[in-house]
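Asks: I need the structure of the sequence given here:
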Amino acid sequence: MPLSERAQQLIPKARIISFADWPYQQAAIAIWQQADDQTRYLSDRDLDTISTIRGNDFGFRSLKKIQFRVF
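Replies: This is a model prediction of the structure:
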């Protein structure tokens, strides 16, 4: 599903505040961190890699909504 125009406007402004308490392996967090540092959304390849790292219990593909906090 393509991103809405509004989502495309917000992504460069959104930042993850902290990864400190995330219950994921370091390799998965590194993917999020890289995307955050590059102010881009996760690609399908990123999502596939995170799903592989996490395993079947992750359920990331079923995520329907992401909330962004703009500063």
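
Asks: now do the helices in this structure.
Replies: 5-10, 26-37, 44-54 (DSSP state H).

Asks: which residue is the nearest non-sequential neighbour of Ile50?
Replies: Ala28 (4.8 Å; Cβ to Cβ, 6 or more residues apart in numbering). (Glycine included, C-beta is placed from N, CA and C.)

Asks: ok, the one you found to Arg54 distance?
Replies: According to Cβ to Cβ, to the nearest Å, Ala28 and Arg54 sit 6 Å apart.

Asks: make TSV from the helices of the chain and add distance to Ile17 to it.
Replies: TSV is the format used below for the helices of the chain (distance: least, Cβ to Cβ, whole Å):
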stretch	distance to Ile17
helix 5-10	15
helix 26-37	10
helix 44-54	19
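
Asks: could you export these as CSV, including mean pLDDT, mean neighbour count and distance to Phe19?
Replies: Shown next, in CSV, are these (pLDDT from 0 to 100; neighbours: other Cβ atoms under 10 Å; distance: least, Cβ to Cβ, whole Å):
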stretch, mean pLDDT, mean neighbour count, distance to Phe19
helix 5-10, 86, 11, 20
helix 26-37, 90, 15, 5
helix 44-54, 86, 14, 13
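
Asks: for Ser18, which of those is the nearest?
Replies: helix 26-37 (10.7 Å; Cβ to Cβ).

Asks: show me the contacts for the residue nearest to Gln25 when sequence neighbours are not counted.
Replies: Distances taken as Cβ to Cβ, 6+ apart place Ile53 nearest to Gln25, at 5.6 Å, with adjacent residues excluded. Each residue near Ile53 by Cβ atoms under 8 Å, 6 or more residues apart in numbering is listed here: 24-25, 27-28.

Asks: let's see 10 Å
Replies: 24-31 (Cβ atoms under 10 Å, 6 or more residues apart in numbering).

Asks: and for Arg45?
Replies: Here Arg45 is in contact with Ile31 (Cβ under 10 Å, 6+ apart).

Asks: what lies in contact with stretch 27-40?
Replies: 11-17, 19-20, 22-24, 26, 41-43, 45-47, 49-54, 58, 60.

Asks: how much space separates Gln38 from Asp44?
Replies: Gln38 is 16 Å from Asp44, by Cβ to Cβ.
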